[in-house]
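Q: Have a look at this prediction, sequence included:
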Amino acid sequence: MANHFSALKRARQTEKRTARNRANTSRLRSTLRDLRESLAKGDQQAADQVFRQTVSALDKAVQKGVLHANTASRYKSRLNVRLNAVGKK
């Protein structure tokens, strides 16, 4: 365990940041799961609405440093392709 004041403070900061990052990551993964489930059901209108929420969550994750911008862009592109495939069925 940390003994110096500065080390104790850094330990506290790390706990807070870890909790915040875990919450942001969890929120993102939940929205991605919701979108994949709605795509699997095949309901175009519901999937459209969930897609918008997911894109927003991806952008927020980039803003908060959870994801790299290119990773989020890749997710959005691939999910959009799947969304369009549901619409053509």
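A: Thanks, I have it. What you see is a predicted model; the values in this text were computed from it and never measured.

Q: any residues touching stretch 33-51, and which ones?
A: Outside of stretch 33-51, the residues within contact range by Cβ atoms under 8 Å, 6 or more residues apart in numbering are Thr31, Gln53, Thr54, Leu79, Asn80, Arg82, Leu83, Val86, Gly87, Lys89. (Glycine included, C-beta is placed from N, CA and C.)

Q: Out of those residues, show me where the pLDDT dips lowest.
A: Among these, Lys89 has the lowest pLDDT, at 63.

Q: Pick out the residue nearest the middle of the protein.
A: Leu28 (2.3 Å; Cα atoms, centre = their mean).

Q: Let me know the secondary structure of it.
A: helix (DSSP: H, G, I helix; E, B strand; the rest coil).

Q: Sitting in helices, which of the contacts of stretch 33-51 do you find?
A: Those of the contacts of stretch 33-51 mapping onto helices are Thr31, Gln53, Thr54, Leu79, Asn80, Arg82, Leu83, Val86, Gly87, per DSSP state H.

Q: show me the residues around the first one that make contact.
A: Contacts here follow Cβ under 8 Å, 6+ apart; on that basis Thr31 touches Val50, Gln53, Thr54, Ala57.

Q: surely the last one meets Ser26?
A: No. Contact criterion Cβ atoms under 8 Å: Ala57 and Ser26 do not qualify, at 10.9 Å.

Q: Comparing these two, which residue is more hemmed in?
A: Ala57 (23 against 11; other Cβ atoms under 10 Å).

Q: Name the nearest residue to the more buried one, ignoring sequence neighbours.
A: Thr31 (4.2 Å; Cβ to Cβ, 6 or more residues apart in numbering).
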